[in-house]
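Q: need coordinates for the below:
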Amino acid sequence: MSLMNKELIVIAGPTGVGKTDSAIAIAAKLNTEIISADSRQIYREMSIGTAVPERSQLDAVPHHFIQNKSIHQYYNASDYEFEVIELLDSLFTHNDKVILTGGSGLYIDAVIKGIDDLPKSDPELRKQLQQRIDSEGLDSLRKELKVLDPVSYHSIDLKNPKRLQKAIEICLITGKPYSDFLKRTPKKRNFSVKTLALNMDRKELYNRINHRVIQMIDKGLVKEAELLLEYKGLNPLNTVGYKEIFLFLEDEISLERAIELIQNNSRKYARKQITWFRKDNQYKWFHPTEIENMLRYIEDE
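A: The predicted structure is shown next:
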């Protein structure tokens, strides 16, 4: 079915910039629905630390991919791509435009461009690789990857355990280098895409991030993390906000230091997100309060 008269509106940007409010305001004007592109808000056990929209916000406009998975499920950008494309086929039957909003660049790219079809993961092998990281450190996996796939060794983030595990897992499952599967050829979509990104003065953004962290603490982030402490080894919980509170709960740092670290790490993450989206010159940048300007850009054919 051709949907080329249908359009996906992407509203991206760094953490804390105000994507939720802007996306809701625009979705309400367009009388459409929102798909979340946040790789952590999809988990139902996590709420405060992932800044899940308030109930009033969720009720204002239909939302999808908010707290619809469990931290105990294995889930990745490839799964997300498949499920979102399937959902869009349905949503476009009664909406000319649909909004995709979030700060997870890989998830957004998966929907817009597609990601390479990789073999299914092996949970047992993944567990073994994690045990090796725990007992031998990351350097063990780095050395193995250098032998199995020199191309990936020189191209991926060798400090990122998840990336290392994935690359080695694919090599071992298939007997082929992980890099052989990364053709990076964009998939053709049967809908058009318009990409917007939100940003603001760095000082203003940092102040918003710092304030939001305090709000999370006031809402009960420590209690939420306490309930999840036994699952801290799961990948979804290897996340800014939870990692630092886990250190506090295990008496390794003070609460004040945990808050300071969350603020600092959130600011670092925001910078990384901005860098990611700036690499794609298709994005048109706006301040989150420029709703009318965004609407004019969206409606300009």
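Q: from residue 182, how far out is residue 76?
A: In this view, residue 76 and residue 182 are 14 Å apart by Cβ to Cβ, to the nearest Å. Yep, even glycine has a C-beta here, placed from its N, CA and C like the rest.
Q: please report phi then psi for the closest residue to residue 108 other than its chain neighbours.
A: Of all residues not flanking residue 108 in the chain, residue 37 sits nearest, at 4.8 Å (Cβ to Cβ, 6 or more residues apart in numbering). When read as degrees, to the nearest 10, the backbone of residue 37 gives phi -120, psi 50.
Q: list the contacts of residue 37.
A: Counting by Cβ atoms under 8 Å, 6 or more residues apart in numbering, residue 37 touches 10, 12, 65, 100, 101, 102, 103, 104, 107, 108, 111.
Q: mind giving me JSON lines with these and columns for distance to residue 224 and pLDDT?
A: Formatted as JSON lines, these follow (distance: Cβ to Cβ, whole Å; pLDDT from 0 to 100):
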{"residue": "10", "distance to residue 224": "29", "pLDDT": "98"}
{"residue": "12", "distance to residue 224": "26", "pLDDT": "98"}
{"residue": "65", "distance to residue 224": "20", "pLDDT": "97"}
{"residue": "100", "distance to residue 224": "27", "pLDDT": "98"}
{"residue": "101", "distance to residue 224": "23", "pLDDT": "98"}
{"residue": "102", "distance to residue 224": "21", "pLDDT": "97"}
{"residue": "103", "distance to residue 224": "20", "pLDDT": "96"}
{"residue": "104", "distance to residue 224": "20", "pLDDT": "95"}
{"residue": "107", "distance to residue 224": "23", "pLDDT": "95"}
{"residue": "108", "distance to residue 224": "26", "pLDDT": "96"}
{"residue": "111", "distance to residue 224": "29", "pLDDT": "96"}
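Q: of all these, which two lie farthest apart?
A: Farthest pair in these (Cβ to Cβ) is 12 and 65. Separation: 14.9 Å.
Q: contacts for stretch 51-60, please.
A: With Cβ under 8 Å, 6+ apart, stretch 51-60 has contacts from 15-16, 20-21, 24, 28, 41, 46, 63, 66-67, 212, 216.
Q: pLDDT averaged over it, what's the number?
A: Stretch 51-60 shows a mean pLDDT of 94.
Q: count the residues that sit near the closest residue to residue 206 other than its chain neighbours.
A: Nearest non-adjacent residue to residue 206, counting by Cβ to Cβ, 6+ apart: residue 267, 5.6 Å away. By other Cβ atoms under 10 Å, the residues close to residue 267 number 19.
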